[in-house]
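A.B. asks: 3D model of this:
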Amino acid sequence: MLTLQRLQHCFHHPKQSSQSTQLCFDLKVETGDIVALLGPSGAGKSTLLAMVAGFLAPDSGKLTVNGHPIEQLHPAKRPLSILFQEHNLFPHLSVYENIGLGLSPALKLSNEQKEDIIVAAEKVGLQGYLDRLPEQLSGGQRQRVALARCLIRQRPLLLLDEPFSALDPALRKEMLELVRKLAREQGTTVLMVTHSPEDALKIADKCAFICQGQVKVFGPSQDILVTPSDPALTQYLGH
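C.D. replies: Numbering: from 1, shown residues only. Predicted coordinates:
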């Protein structure tokens, strides 16, 4: 379970020192849930993800994963993986090696870990591409490598920062379905930033609508996105 309790951060405007923007998030995500973070640009979606990942320190509040506080942990020590729009593959390393980095930054791998890499590649449909370099892959294939590298780490929480937004609609749908399938297999909790209600309906059990630095609405995706009751959410969806 991922829990955010009054997790706050204050942004000060550099040109207007007297003005600031206060963000405060309360959210509880059940283990194994896939949750989409929706909302207008600047609402605080990426800020929330950055605080969970540890890239941005909150001013106050509590952040726990499975009951364990993590707000003071270094990003590398947090029980999570994150997938960005930029796949962050190393161009001089093969698919096999790029996936293996999820297990060992020095690529010092046991025989069991080597087998795990092969299995992970099979799960994302890259079993025939292990010797290739990233430049020899399509955009969708590169994202599959990055996804395999995340999932092979077996962390309880996966953060998605719009990783498939640059892909064409059919490929994006395919990747979302793959994430959903693999997350279900591993029991992984997923937190996904997206601007697309359609993507949220495809993959997410629940949605959190973020507006003006707080979670305004949270609940089952179908209820929230098909029959919205909050005026700000209705306006955002164009209903």
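
A.B. asks: From now on I want contacts and neighbour counts done on CA atoms only, so please keep to that.
C.D. replies: OK.

A.B. asks: Can you say which helix or strand has the spatially closest residue to G39 that is not a sequence neighbour in it?
C.D. replies: Of all residues not flanking G39 in the chain, I210 sits nearest, at 4.9 Å (CA to CA, 6 or more residues apart in numbering). Following DSSP states H and E, one finds I210 within strand 206-211.

A.B. asks: Now do the helix or strand immediately after that strand in the chain against strand 206-211, angle only.
C.D. replies: Counting by DSSP H and E, the next helix or strand C-terminal to strand 206-211 is strand 214-220. Strand 214-220 runs at 160 degrees relative to strand 206-211, counting by axes from the mean of the first three to the mean of the last three CA atoms, to 10 degrees.

A.B. asks: What pairs with strand 214-220, parallel or antiparallel?
C.D. replies: Strand 214-220 has its sheet partners listed here by DSSP bridges as strand 206-211 (antiparallel).

A.B. asks: What's the mean pLDDT across the strand it pairs with?
C.D. replies: Here strand 206-211 scores 95 as its mean pLDDT.

A.B. asks: quick one: that strand to chain centroid distance?
C.D. replies: Strand 206-211 sits 14 Å away from the centroid of its parent chain (CA atoms, centre = their mean, to the nearest Å).

A.B. asks: just the CA coordinates of it, formatted as CSV?
C.D. replies: C-alpha atoms of strand 206-211 as CSV (Å, rounded to 0.1, in the frame of the first residue of the first chain):
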residue,chain,number,x,y,z
LYS,A,206,-8.7,4.1,-10.1
CYS,A,207,-8.1,7.7,-11.0
ALA,A,208,-6.9,10.6,-9.0
PHE,A,209,-7.9,14.0,-10.4
ILE,A,210,-5.3,16.6,-9.4
CYS,A,211,-6.2,20.2,-9.5
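
A.B. asks: Can you name the residues that contact I99?
C.D. replies: I99 makes contacts with I117, V145, A146, A148, R149, I152, as judged by CA atoms under 8 Å, 6 or more residues apart in numbering.

A.B. asks: can you put the residues you listed in CSV and add pLDDT, neighbour count and secondary structure?
C.D. replies: CSV is the format used below for the contacts of I99 (pLDDT from 0 to 100; neighbours: other CA atoms under 10 Å; DSSP: H, G, I helix; E, B strand; the rest coil):
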residue, pLDDT, neighbour count, secondary structure
I117, 96, 26, helix
V145, 95, 28, helix
A146, 93, 24, helix
A148, 94, 27, helix
R149, 95, 27, helix
I152, 93, 20, coil
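
A.B. asks: State the pair within the residues you listed that is farthest apart.
C.D. replies: Among those, the pair separated by the greatest distance (CA to CA) is I117 and A146, at 12.3 Å.

A.B. asks: what are the phi and psi angles of the residue nearest to D205 when sequence neighbours are not counted?
C.D. replies: Leaving out its chain neighbours, the residue that sits closest to D205 by CA to CA, 6+ apart is I34, at 5.3 Å. Backbone torsions of I34, given as degrees, to the nearest 10, read phi -110, psi 120.

A.B. asks: Tell me the bridge partners for I34.
C.D. replies: With DSSP bridges as the criterion, I34 is bridged to V190.
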